[in-house]
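> Sharing a model that was predicted from the sequence below.
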Amino acid sequence: MSALNRREFTALAGAFAATSVSPAAPAVAARHGRVVIIGGGAGGATVAHHVKRAAPELSVTLVEVQKRYTTCFFSNLYIGGFRSFRSITHDYAGLAKLGVEIVHDWAMGVDTARRTVALRSGTTLDYDKLVLSPGIDLKYETIEGYDPEVAERMPHAWKAGVQTRILRRQITDMPDGGVVVLAPPPNPYRCPPGPYERVSMIAHYLKYHKPRSKLILLDPKPKFSKQALFMEGWEQHYGGIIEVRLSNEVQNQRVVRVDGNRMELETADGETLKAAVANVIPAQRAGQIAHLAGCADGDWCPIRPSNFSSTLVEDVYVLGDAAIASKMPKSGFSANSQAKVVANDIVAALAGKKRFPPRYRNTCWSLIATNNAVKVGASYKAGEKLVEVTSKFISKVGEEASLRARTFEEALGWYDSITADMFAKG
Ligand SMILES: Cc1cc2nc3c(=O)[nH]c(=O)nc-3n(C[C@H](O)[C@H](O)[C@H](O)COP(=O)(O)OP(=O)(O)OC[C@H]3O[C@@H](n4cnc5c(N)ncnc54)[C@H](O)[C@@H]3O)c2cc1C
């Protein structure tokens, strides 16, 4: 008991009271244990699951605008024809069954002094601990002529759902011989290897269905994640289909302007390209609610590496893509790993449970061709100021086909386990 501070003790007492038969008891627990989570994706859904499972006496409310969540992870496989849309779309029934209150609404604002969240429907939610995992917003304004309406013709497909379907349909509908232009964002952005897995998946589709077509990669960066592995795979499987254009001292391939009616893209060098399909992925920032809550410093949200609590606002955690997690990439795996630390910190603070030392992990698998996947990953610890790498690994160029096939099997297993963990399935 001496290890608990006064607030934790009060919360613990409330939690114990809640298990007694007094009808007034749940109100005591509710007063001391209200957790509100905004964003039911890789970070937020996992927090909801683990808080509720570890401390059922706490009230856990998950605010998520969408009724069904389509994962960005494996959305490239859908675009390439390797997965169905249904297989990457999930609902919140498992979390609801566990006792998480699911509110399908849009969080409009946070009053951090009163500790309330305002929803579009007019409802106000009180919290003791608030978790923000809103993912990303796209900085449309960084590309002249690009906006949400033009994105229906030149999809980014960097938030999965309708956008992903549009891109897939455009690729299957385009004429054989048409050019696909794929313009990745500048750093930092959601899923560093994501654009290059997408290049692989689209090239795979073109190879078998539109053999006279090609794909031009217009990258604003001089290098990219798992580059040697992707380049090897593209040469082996998609020779003549993919044209890679990186930016360097000599050329600047950043897309600065688009014309959605003419399907044209202009680079910083002044070249204009005409596309049958233009996959334009702009620069990104933390989801709007993180900014409205006062948690952002610039585009992203600073956090304490020990528990992903905001350094700017008390009793608020920011995790997933919205957070500045130093060397930890913005990935679903990272968000899920951070979520378990956040959940543990919350149940320690509000329900008096044991607080474990934080440990973080990430692995990003990418499918290059049929049964040919590569991976990169690392383990991390909480340093004083930064999340620090403790060990790391990456697939090697020239690996045996059997190893690549096993790596793909691992990816399939990971997908099933992360989605079961996020949505409390099974
Ligand atoms: C093409 C692609 C491929 C990827 N592949 C992989 C991969 O293989 N492996 C991997 O680990 N990661 C992958 N990722 C990255 C991964 O999808 C993200 O890093 C992850 O989803 C981040 O989780 P999050 O909780 O921060 O945000 P999200 O998962 O985006 O969740 C945010 C949720 O918050 C909701 N929301 C936002 N604001 C509000 C509001 N104000 N009110 C209510 N609801 C709100 C949104 O509707 C959304 O559902 C990929 C990404 C892309 C684009």
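That came through, no problem.

> which helices and strands does the one helix or strand residue 48 maps to pack with?
Per DSSP states H and E, residue 48 falls inside helix 44-54. Contact here means 3 or more Cβ pairs under 8 Å, 6 or more residues apart in numbering; DSSP states H and E; on that basis helix 44-54 packs against strand 34-38, strand 59-63, helix 93-98, helix 332-351, helix 401-423. Quick note: C-beta positions are derived from backbone N, CA and C, even for glycine.

> which parts of that helix are buried?
44, 45, 46, 47, 48, 49, 50, 51, 52, 54 (16 or more other Cβ atoms under 10 Å).

> For the fifth one, which residues are in contact?
By that I understand residue 48. 37, 40, 60, 62, 95, 100 (Cβ atoms under 8 Å, 6 or more residues apart in numbering).

> Now name the helix or strand holding the spatially closest residue to residue 375 that is not a sequence neighbour.
Nearest non-adjacent residue to residue 375, counting by Cβ to Cβ, 6 or more residues apart in numbering: residue 365, 4.7 Å away. Using DSSP H and E, residue 365 maps to strand 359-369.

> and the angle from the next helix or strand after that strand to helix 401-423?
Using DSSP H and E, the next helix or strand after strand 359-369 towards the C-terminus is strand 372-382. On the basis of axes from the mean of the first three to the mean of the last three Cα atoms, to 10 degrees, strand 372-382 is oriented at 50 degrees to helix 401-423.

> Strand 372-382 pairs with which strands, and in what direction?
Using DSSP bridges, strand 372-382 pairs in its sheet with strand 359-369 (antiparallel), strand 387-394 (antiparallel).

> Enumerate the helices of the stretch 101-250 of the chain by residue range, in sequence order.
162-173, 194-209, 227-237 (DSSP state H, counting those that start in this stretch).

> and among the ones you listed, the most buried is which?
helix 194-209 (a mean of 23; mean count of other Cβ atoms under 10 Å).

> Counting by contacts, list what that helix packs against.
So helix 194-209, by 3+ Cβ pairs under 8 Å, 6+ apart, packs with helix 75-79, helix 162-173, strand 179-183, strand 214-218, helix 227-237, strand 359-369.

> of these, which approaches residue 149 most closely?
helix 162-173 (12.4 Å; Cβ to Cβ).

> Name the surrounding residues that touch the closest one.
70, 75, 78-79, 85, 151-152, 155-157, 180, 202, 205-206, 209, 276-277, 279.

> swap the cut-off to 10 Å and go again
By Cβ atoms under 10 Å, 6 or more residues apart in numbering, the residues outside helix 162-173 that reach it are 70-72, 75-76, 78-81, 85, 88-89, 138, 148, 151-158, 178, 180, 182, 198, 201-202, 205-206, 209-210, 213, 215, 275-279.

> What confidence value was assigned to the closest residue to the ligand within the stretch 1-150 of the chain?
When scored by Cβ to the nearest ligand atom, the stretch 1-150 of the chain has residue 41 as its residue closest to the ligand, at 2.0 Å. Listed pLDDT for residue 41 reads 98.

> what's the closest non-adjacent residue to it?
residue 135 (5.6 Å).

> Could you list the domains of this structure?
Domain ranges of the chain: 33-137+285-354, 143-282, per automatic domain parsing.

> Burial-wise, tell me which of these comes out on top.
domain 33-137+285-354 (a mean of 22).

> what's the offset of that domain from the middle of its chain?
11 Å (Cα atoms, centre = their mean, to the nearest Å).

> again with stretch 162-173
For stretch 162-173, the distance to the chain centre is 20 Å (Cα atoms, centre = their mean).

> Can I get it in CSV? Just the C-alpha atoms.
C-alpha atoms of stretch 162-173 as CSV (Å, rounded to 0.1, in the frame of the first residue of the first chain):
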residue,chain,number,x,y,z
VAL,A,162,-13.4,4.7,-49.8
GLN,A,163,-10.1,6.1,-51.0
THR,A,164,-8.6,2.6,-51.2
ARG,A,165,-11.5,1.3,-53.2
ILE,A,166,-11.2,4.3,-55.6
LEU,A,167,-7.5,3.5,-56.3
ARG,A,168,-8.1,-0.2,-56.8
ARG,A,169,-11.0,0.6,-59.2
GLN,A,170,-9.0,3.1,-61.2
ILE,A,171,-6.2,0.6,-61.6
THR,A,172,-8.5,-2.2,-62.8
ASP,A,173,-10.4,0.2,-65.1
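
> Briefly note if that stretch comes near the ligand.
No - Stretch 162-173 does not reach the ligand (Cβ under 6 Å from any ligand atom); its nearest approach is 8.0 Å.

> Would you mind confirming that residue 364 is in contact with residue 229?
No - in this structure, residue 364 is not within contact of residue 229 by Cβ atoms under 10 Å, at 11.5 Å.

> anything in contact with each of these two?
Contacts common to residue 364 and residue 229, judged by Cβ under 10 Å, 6+ apart, are 193, 374, 375, 376, 394.
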